[in-house]
Each structure stands twice: as structure tokens, then as C-alpha cells.
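S.K.: Could you look at this predicted model? Sequence included:
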Amino acid sequence: MLFQIDSPEMNSFRHEVRTWLEINLKKEWRNQLHCIDPSILRQWQFKLYERGWVAPQWPKSEGGMGATLDQQLILLEEQARIGAPYLFPTGINLLGPTLIAFGTEEQKKRFLQPLLSATEVWAQGYSETEAGSDLASLKTSASIEGDSFIVNGHKIWSSYAHLADWLFAIVRTDPKANQKQAGLSMLLIDLKSQGVSVSSIRTIAGHDEFAQIYLENVRVPKQNLLGPLHGGWKVANHILVSERLSNGSPRNLWIVWQKIVKVAKQTGTWNEPIYRDRAAQLEIRFMTHLACYRQAVQAVKSNHSIDMLAPVLKISATELLQDFNSLLLEVAGKKGAQQVFEFDDGTCIDLVPSRLLARRGSIYGGSNEIQRNIIATRILGMPKSW
């Protein structure tokens, strides 16, 4: 699948990336199944950090690569091609850009470098049992006592929180606010603090990927307030836009596409017209999505808002990923019901777990139904009720 022809300069960069990956990415780290040893993720992220490629979208002034759009896409493509592990996304893709936008100089100096090097891993504290897609209904509270916030509450569906060092959490600091979106604040919480309890949650795919967090009289220093007091809704929405852009990344699509081609060639379905036709239709959708993603990344680099483009990307990527995984199971033929597909060369990939994990994509980051409502009301100007 070719999406563009590299310029001579970008062809040289692609060769540089491919060569470096072949040398530095251990073979036993490649093409791992979905859940990978977190110590490996830390080691791999540190290698990318040392090379300067861990955060291509970040500005150089904040420790990132300051990469061009083409460089970012080449890094995505080449890491997908070789089967590189997917890094802890919460810190680099979500908190990092938000710290750059809202953090104090002291906060950026304290947190950005350990985040980039994977010395410290971050988790997100948004969802609660009664506040998922309706995030503003959250009940976790934080009251001010001297130089600290005292936090009480419960967070759930937090990716890798049981493996993380820190949590960025949105909490209610003004229970008397007139609107439920008001009176919220964003706090940076050390998960080693007294009163914090974390337990993992096993998914239907059999992975301990999520966790729930109990916070009982947890003391958080005032300097760990990110953004203004009672102004956390704006900070939270900045993170949600970043999350939707991250969810719209073509990286996972590239990975599953390569699986489809490799599996179909081994099973022989690659030569069947019905599957080639379906693959072509998906490829066209993928190219359309990639064009939209390019536009979004370019807008971010130009400091333009992508608030209206982010929900489109989120819907497109998550639903396309689900369709890719459905085709993957079909081209696997009679082996499609197996947990793992083993190739003749001894390598293997997820089948059923990959399909199950793709299903949840239309829920996290704000369900696709909510994204369609955003498009209808904020982009198309339709009434909120009719």
C-alpha cells in the first residue's frame, strides 16, 4: 500500500529510520501480542528518547523532535512495518501536549523529561462508575487544606494505572458551581501517595490492561494543580482533543493492514476476487482517512484548532479499525476462531483478541455517538433536540 511517493530528502530519512530500527529494535521485541512486558516498553521508549524520536510531534524546545508531517508519518509507517511495540500513549500523546499548553515552567521542568524517557509512566483519571461519556457528572472531590488538596473518590477504566507512577485526574473542587462543567480542576497525583489504592481489571480479551483507582484522603500539593483552579474543564477538553487525534492515528491501521496481507497470502484468500475487492474498498477509506489525518496534524503544527476535525478522525479511525479486524478474521479462514494465528516462519499475531480490542474503540475518548452529536450541533449547526 503506497500513500505517497517520498521526496529524495524523505526517502533518505526513511532509509535512516529503517536502518536504525533494524539495528536497535531487538527481534524478540517485534510483533509482540497486544500485552507486552512493561519493562520492555520502558526500555524501548528510552531508546527512542536517546535517539530523539520519542515525541516527533512535540516542539524541540520542550524535548520533542519538532518533526515535519512527512517525518512523523514515516516514523509511524516504519515502526508499524517492523512491528515495534506501541509506547505508553497516555503521557506522550495526552498529558505532554497539555503540560506544554497549560503547565507552569516549574511543572514542565519537573515532569516532561521523565515522561519522555519513561522514567515515570502516567495514567489518566477521568472515568468513574457514573461518569463515563458524561464526564462532567464526576464526583471525585478535592478540598483545599493549607498548601494541599485533599482528594477523595474513585476512578475506573484507567489504562495501565496499575503500572503507572503518576495520575492526571479531573476532580470537583467547587461543589456549589452553577453548572456541572464548572468547579472542576486538573490535578497531578503521585500514585505512591498515602491513601491511593490501585487494582487491575482484566478485559474480555484476557489482558490486565485497565485499572481502577481508589483515593482516600490523598494529599496533593497545590503546585500540582494543572491549569487554573476550577478551570479544569478547559484542560480536560484539551486532553480529549489530543486523545481523539491520537485515536485517529493511522499507526494501528497500518499494523492491521499488514496482518491482513500476510495472513491472506498464507491462507490463499489474497487471490480470491471477493477479498481483494473488499480490501480495495478499505484501502480507499484508509487513504481518505490519512488525508484527513494529515490535515489535522498540519493544523496542530500551525497552532490552529482541530476541535471540529478531531471527532471526524476519531469516528473514521475506530470504525475503520473494526472493519479491518473483521476482514482479518475472514481472510484467516478456518483459523479465524483461534486466539493466535501462527505463520510458516514461526511468528504469530493476535486474531480474536485484536478483534475484541478494536470493538471498544468506538467508546473510549467519548463514544462515537457523542462524536456524531458534536458534528451535528457544532459543525453542521443542527439543533440539539428536534
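M.R.: Yep, it's here. Residues are numbered from 1 along each chain as shown.
S.K.: Show me what the helix or strand harbouring residue 74 packs onto, helices and strands only.
M.R.: Using DSSP states H and E, residue 74 sits within helix 69-82. When contacts are defined as 3 or more Cβ pairs under 8 Å, 6 or more residues apart in numbering; DSSP states H and E, helix 69-82 sits against helix 8-24, helix 251-267, helix 273-301. (Glycine included, C-beta is placed from N, CA and C.)
S.K.: where does residue 356 land on pLDDT?
M.R.: pLDDT recorded at residue 356 is 73.
S.K.: Just to be sure, it is in a strand?
M.R.: No: using DSSP: H, G, I helix; E, B strand; the rest coil, the secondary structure at residue 356 is helix, not a strand.
S.K.: so what's residue 162 up against?
M.R.: Applying Cβ atoms under 8 Å, 6 or more residues apart in numbering to residue 162 gives the contacts 198-200, 208, 211.
S.K.: tell me the strands in the stretch 1-150 of the chain, going along the chain?
M.R.: With DSSP state E, counting those that start in this stretch applied, the stretch 1-150 of the chain shows strands at 122-125, 141-145, 148-159, listed in chain order.
S.K.: re the thing from before, wait, which of the contacts of residue 162 is closest to residue 57?
M.R.: residue 211 (26.7 Å; Cβ to Cβ).
S.K.: that older thread, which one, of the helices and strands packed on helix 69-82, ends up nearest to residue 86?
M.R.: Residue 86 lies closest, by Cβ to Cβ, to one member of the helices and strands packed on helix 69-82: helix 251-267, at 7.4 Å.
S.K.: which element follows the longest strand along the chain toward the C-terminus?
M.R.: For the chain, the strand with the greatest residue count under DSSP state E is strand 208-221. Later in the chain than strand 208-221, the nearest helix or strand by DSSP H and E is strand 225-226.
S.K.: Tell me the pLDDT of residue 216.
M.R.: pLDDT recorded at residue 216 is 98.
S.K.: close enough to count as contact, it and residue 152?
M.R.: Yes: if you go by Cβ atoms under 8 Å, residue 216 and residue 152 touch, sitting 6.1 Å apart.
S.K.: Among these two, which residue is more densely surrounded?
M.R.: Neighbours of residue 216 and residue 152, each counted by other Cβ atoms under 10 Å, are more numerous for residue 152; the result is 16 against 13.
S.K.: beta partners of that one?
M.R.: Beta-bridge pairing for residue 152 (DSSP bridges): residue 141.
S.K.: Can you name the residues that contact it?
M.R.: Contacts for residue 152 (Cβ under 8 Å, 6+ apart) come out as 140-142, 215-218.
S.K.: What separation do you get for it and residue 179?
M.R.: Here the criterion is Cβ to Cβ, to the nearest Å. By it, residue 152 lies 22 Å from residue 179.
S.K.: Cheers, nothing more for now.
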